[in-house]
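A.B. asks: 3D model of this:
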Amino acid sequence: MADVNEAIANDVADLARMAQFDQAGAIRTAGQLRARGARQPLVHHLVALGLKEQSLFEEAIKELGLGLEIEPNNPRLMTEIGFCLLELGRRQEAARVLEVALRVDPRSADTNFAYGWAAQRLGALDAAETSLQRAITFDPHHAHALAGLSGLAVRRREWASAEAYANRALAADPTQTDALMNLARAEIGRDNFEAAAKRLGKTIGLPFLKPEARGNAKLMLGDALDGLKRFQAAYRAYADGKADLRAQFAHVYEAPGMRSMVDGVFDILAEFERAGDAWSSKPALPPESEARGHVFLVGFPRSGTTLLEQVLASHPEVVSLEERPTLIDAEEEFLTRAGGVLRLADTSSEALAPFRKAYWRRVREFGIDPTGKVFVDKHPLSTMRLPLIWKVFPTAKIIFALRDPRDAVFSSFRRSFGMNVAMFQFHSIKSATALYDAIMTAGEAYLLHLPIEAHKTRYEDLVANFDVEGQRVCEFLGLEWTEALRDFAATAQSRRIATPSSTQVGRGLYTEGVGHWRNYAFALEPVLPILRPWIEKFGYDPD
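C.D. replies: Numbers count the residues shown, from 1 in each chain. Here you go, the predicted structure:
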């Protein structure tokens, strides 16, 4: 037995040398050593890398955990766990693990990059940039960190900086996919659509491109072709890209027993309606918060919520937060399990105090101090959470953002989002329309039956009559109109918007997005019977 252990120890020593120049071979050898009983951290690490290559992230986490049982403070193992958690969409868990890894080894370029990636996925773009800059300080040729900085520059419409970082990344690693994509994004940002289309056509054919990246490249090709006014070809690119992404994630979001986002919206609405009269009694007013005012900005994705949030954030008496999980504690308690909404209807204001406290704690954790300000919590899909919002915060105001349903649906279909159960719904125009119909049906029911103080604003009105519509919103919120609101584009540039609307809002007011659906009327024709009632209800031209 001693001889076997000694042989394994010698093989592990050879493995460490092999991993420096032949990672693929080292992964194969590690698997063989694992089968022979080797239980060293390096072996577990390499076996986990092999599992990651097969997208077996849960299995990889378990393997890395075995390594941490042997060496609890190994930052490389923690960093790999962080990467796996990010791939699984568990961003907050990833950030917590990576924070520990950074405390152990703050000079690790890989760990700083991983933390920057996690921060970016959480929308904390300033923290992301700081961490990515640290990564290239410790390793100036870290291709992934350079590509990440390129992506942040794209969000700020700093095209020259985006191209410089992307080219540095590609010099370090010619297969760095995000850098290739960012060069195309910069070309589209400069309206150089022909060059972008050529670049993306070549990129899509690269053999090393992963399926998700290929799907996103096709969506971007659609944008380039749209810019060239080749709308039929653009639609084919969008549809191909979304088909690729659906195939990539169907095993998660269309798995047996998995309920869709549409199902979830209607489940909540059904329980709300079953509770009946329980909603008619107004909750006791909660203790006043430190915020001067509290606003939830809801609607539907791609309906102008980001534009309106940036406008309001330009007001000196407003602080805002975009699409963060501030309500997650109450949501998990009342909206994720059958019967939760019924329990919510009968829950007293006093019993909801811990959820209010958790909410404001999370707001502060996301870097917002609402003291003395009007706090705007922007999340389009919080429309489905309106019963929860009213019960926990009965004095909060609601701004309901509207946009022509045809533009909202098509824009949601053509855009690339971080994948989750809601964004998976945008894999086709038909499924995007089903979600729109569900969200609007629920939203209208909640606004009708709950005594919520709400104001509807249309994207098209804000773009066409900015001062008039802006003054109406300010009046609703009890704010004085200020000229600073017209400078919202500068606010957007400085605040690092985390949503897909970042580059558009940074342009300021523009009308190209109004009625853009007409270029794709041929694709929207099958869903018009579902959208037409909403088109009429919200006062849009049916033609």
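
A.B. asks: where do the helices sit along the stretch 101-250 of the chain?
C.D. replies: Ranges of helices in the stretch 101-250 of the chain, per DSSP state H, counting those that start in this stretch, are 109-121, 125-138, 143-155, 159-172, 177-189, 193-204, 211-227, 231-253.

A.B. asks: Next, the angle helix 211-227 makes with the last one.
C.D. replies: Right, helix 231-253. Here helix 231-253 runs at an angle of 160 degrees relative to helix 211-227 (axes from the mean of the first three to the mean of the last three C-alpha atoms, to 10 degrees).

A.B. asks: Following the chain onward from helix 231-253, which element is next?
C.D. replies: Remark: after helix 231-253, the chain's next helix or strand is helix 261-275, criterion DSSP states H and E.

A.B. asks: How about residues contacting that next one?
C.D. replies: Applying C-beta atoms under 8 Å, 6 or more residues apart in numbering, the contact partners of helix 261-275 are 259, 279, 335, 338-342, 345-346, 384, 387, 421-422, 424-425, 431, 434-435, 438-439, 441-442, 445-446, 449. (Glycine included, C-beta is placed from N, CA and C.)

A.B. asks: May I see the buried residues of it?
C.D. replies: Neighbour counts over helix 261-275 (16 or more other C-beta atoms under 10 Å) mark 261-262, 264-269, 271-272, 275 as buried.

A.B. asks: go on, stretch 202-211?
C.D. replies: Those would be 203-204, 209, for stretch 202-211 by 16+ other C-beta under 10 Å.

A.B. asks: Ok, stretch 26-43 next?
C.D. replies: Buried residues in stretch 26-43, counted by 16+ other C-beta under 10 Å: 26-27, 29-31, 33-34, 38, 40-43.

A.B. asks: Measure how buried R324 is and give me the count.
C.D. replies: Using other C-beta atoms under 10 Å, R324 has 20 other residues around it.

A.B. asks: That one is in contact with F366, isn't it?
C.D. replies: Yes. The criterion here is C-beta atoms under 8 Å, and R324 meets it with F366 at 5.1 Å.

A.B. asks: which residues do the two both contact?
C.D. replies: Common neighbours of R324 and F366 (C-beta under 8 Å, 6+ apart) are G123.

A.B. asks: Which element, helix or strand, includes the residue nearest the centre of the chain?
C.D. replies: Computing the C-alpha centroid of the chain and ranking residues by C-alpha atoms, centre = their mean puts G418 first, at 4.5 Å. Of the helices and strands defined by DSSP H and E, none includes G418.

A.B. asks: residue contacts, A164?
C.D. replies: Taking C-beta under 8 Å, 6+ apart as the criterion, A164 is in contact with S150.

A.B. asks: any idea how far it is from A186?
C.D. replies: Noted for A164: a distance of 10 Å to A186, by C-beta to C-beta, to the nearest Å.

A.B. asks: next one: Y238
C.D. replies: Y238 sits 21 Å away from A186, going by C-beta to C-beta.

A.B. asks: With R156 instead?
C.D. replies: Taking C-beta to C-beta, one finds R156 at 12 Å from A186.

A.B. asks: of those two, who's got more company?
C.D. replies: Shown here are R156 and A186; by other C-beta under 10 Å, A186 has more neighbours (24 against 20).

A.B. asks: does that one really touch E158, like I thought?
C.D. replies: No. Under the criterion of C-beta under 8 Å, A186 makes no contact with E158, lying 9.1 Å away.

A.B. asks: Using the record's assignment, carve this structure into domains.
C.D. replies: Split into domains by automatic domain parsing, the chain comes to 141-258, 261-404+411-523.

A.B. asks: Can you flag the weakest of the ones you listed by average pLDDT?
C.D. replies: Mean pLDDT across the domains of the chain is lowest at domain 261-404+411-523; the value there is a mean of 89.

A.B. asks: need the contact list for I389.
C.D. replies: 296, 327, 382, 396, 398, 452.

A.B. asks: could I get those as a markdown table with neighbour count, secondary structure and distance to E58?
C.D. replies: What follows is the contacts of I389, written out as a markdown table (neighbours: other C-beta atoms under 10 Å; DSSP: H, G, I helix; E, B strand; the rest coil; distance: C-beta to C-beta, whole Å):
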| residue | neighbour count | secondary structure | distance to E58 |
| --- | --- | --- | --- |
| F296 | 25 | strand | 34 |
| L327 | 23 | coil | 27 |
| S382 | 22 | helix | 30 |
| A396 | 19 | coil | 38 |
| I398 | 24 | strand | 39 |
| I452 | 18 | coil | 41 |
